[in-house]
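Q: Predicted model and sequence follow; I will ask about them next.
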Amino acid sequence: MELKGKSKPTNNEVREIRKDHFLPTAFLYYKNPLQLIKGKGCYVYDEKGNEYLDAIGGIVCISAGHNHPKIQESLIEMIKDDEIQHTSTIYMNHHAAELAEKIISEAPKGLDKCSFTNSGSEANELAFMAARHATGETMVINLRHGYHGGTSGTLANCGHNTWRFKAQPVASTTSALEPYCYRCPFNQKPESCHLECAKNVETTIQTSTHGKIAAFIAEPVMGVGGVITPPDEYFHEVTKIVHNYGGKYISDEVQTGSGRCGNSFFLTKELKIDADIVTTAKGFGNGAPIGAVLMKSNIAESMSGKLYFNTFAGDPYQARQALTTMEIIEEEKLIQNAKEMGDYLLSGLKDLMKKYEIIGDVRGRGLLIGIELVKDRKTKEYAKDEANELMEFTKERGLLLGKGGLFGNIIRIAPPLSINKKQAEKILSVLDESFLTLSNKK
Ligand SMILES: Cc1ncc(COP(=O)(O)O)c(C=O)c1O
């Protein structure tokens, strides 16, 4: 792809500027970090025009594909028409209203009120506030290894020391043990377990709260934690427990939403989780900064008389991009594609697992997939350095992947939902070659 335009800072210059002025908390992937300049469909391009297959979809944000022509057209049309660039909820705007109708039509039954936000973190913050306001209780139960955002309230519910800051207040939250079958905290095997992890939510409430809670929050697939994929029954057990103790069930679909997991726009709906609140962001806007909180009417009604204002939430351009993304997902049957391509990738990865000892586990739903790397299948020692090396090898071969897990040993695959069979084959063949290079190095 040809790169046009005036001369831009070189990669080294950008790196220097970052070193001088960015907070040290900003991190980069790869020994020679990439600068991505352009994107089209499932591909992204660096400043030299080198092409990469984007198998992490920005950072799990690209559902319809990069720069989809329909999104381009709708935004260009708005700019050409001098559509207002900013207006807030204190004025009416049809884009946000249309989007509200559309997203509610995809929501699990009973979730018929919504509010837009600028990010997933903000969506979860509003979910916590709503649950606490509705119940008059403060305690939120989260899961170890969970991730819900980078704001104060969401970090208080973060199950990773790496993301938390010193002196980060974590009042009014407590953690239940993770439903992590590959590393079961109860030393059980999926075949023989009795959902001890679900029962642990009750024990946690009984031992770490006064017996009533505001909310329980969980991702239906724990993305940042390394695509931890709990069994379906886990959610039904836990919803009952949460409701018995007076709490609201918050399903964090920031990563899993927008059809990424196949079958349904929201995984909560597919799994029939009786959630009281669902949050989403990332793929919802196909890269535009927009999130949403959906909730049951009774929770929303409990907030009557209070004010909630968020300057940019539901801005016309973001709302239009999200709405157009939803239309594309529907028209191009991308949810079905996510299921088919996801199943294809999972089965191909399971074959690779037979060849490479370093692959300890392969898991996920639809196009949200994790490959857990271990130094030894018996001890399950975390293969963190190997995960970094593998990422370098795949990058050299034109494939971008993500990484996750508390110890950084889990490769994450989350390409645009529009990925085709040839591109999925490419992911598998590059991984095969890269695993071979990795094993030959030893
Ligand atoms: C499950 C989940 N919830 C919330 C967030 C926070 O979203 P954002 O970074 O848009 O604030 C993330 C981000 O990675 C996420 O994965």
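A: Perfect, I can see it now.
Q: any idea how far the closest residue to the ligand within the stretch 251-400 of the chain is from Asp274?
A: Across the stretch 251-400 of the chain, no residue is closer to the ligand than Val254, which sits at 3.4 Å (C-beta to the nearest ligand atom). (Glycine included, C-beta is placed from N, CA and C.) Per C-beta to C-beta, to the nearest Å, Val254 is found 20 Å from Asp274.
Q: same thing with Asp315?
A: Taking C-beta to C-beta, one finds Asp315 at 32 Å from Asp274.
Q: between these two, which one's more packed in?
A: Neighbours around Asp315 and Asp274, counted as other C-beta atoms under 10 Å, are more numerous at Asp315. The numbers are 25 against 17.
Q: per-residue pLDDT, the more buried one?
A: Listed pLDDT for Asp315 reads 94.
Q: before we move on, back to that, might one say that the residue of the stretch 251-400 of the chain closest to the ligand is in contact with Val278?
A: No - here Val254 does not reach Val278: they are 10.0 Å apart, not a contact under C-beta atoms under 8 Å.
Q: more neighbours, these two?
A: Val278 (31 against 28).
Q: I'd assumed that one was in a strand, is it?
A: Yes - per DSSP: H, G, I helix; E, B strand; the rest coil, Val278 lies within a strand segment.
Q: who's it bridged to?
A: Note on Val278: beta-bridge partners Ser251, Leu294, judged by DSSP bridges.
Q: Spell out which residues of the stretch 1-150 of the chain are next to the ligand.
A: Residues of the stretch 1-150 of the chain lying near the ligand by C-beta under 6 Å from any ligand atom: 119-121, 124, 147-150.
Q: For PyMOL, write the selection for the buried entries among those residues.
A: Only the buried entries of these go into this PyMOL selection, using 16 or more other C-beta atoms under 10 Å:
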select buried, resi 119+120+121+124+147+148+149
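Q: Assign Gly39 to helix, strand or coil.
A: What three-state DSSP gives for Gly39 is strand.
Q: so what's it closest to, chain neighbours aside?
A: Nearest residue to Gly39 in three dimensions, chain neighbours excluded: His66, at 3.0 Å (C-beta to C-beta, 6 or more residues apart in numbering).
Q: For that neighbour, grab the count of nearby residues.
A: Neighbourhood size, His66 [other C-beta under 10 Å]: 23.
Q: That one reaches Pro416, doesn't it?
A: Yes - between His66 and Pro416 a contact is recorded at 7.1 Å, counting by C-beta under 8 Å.
Q: Mind listing the shared neighbours of those two?
A: Shared contacts of His66 and Pro416 (C-beta atoms under 8 Å, 6 or more residues apart in numbering): 41-42, 54.
Q: wait, which of these is closest to the ligand?
A: Using C-beta to the nearest ligand atom, Asp54 comes nearest to the ligand of the shared contacts of His66 and Pro416, at 16.5 Å.
Q: How about that closest one: which residues does it bridge to?
A: Note on Asp54: beta-bridge partners Leu400, judged by DSSP bridges.
Q: Lys375: what's it in contact with?
A: By C-beta under 8 Å, 6+ apart, the contact set of Lys375 is 358, 381-383, 386.
Q: and with 6 Å instead?
A: Counting by C-beta atoms under 6 Å, 6 or more residues apart in numbering, Lys375 touches 381, 383.
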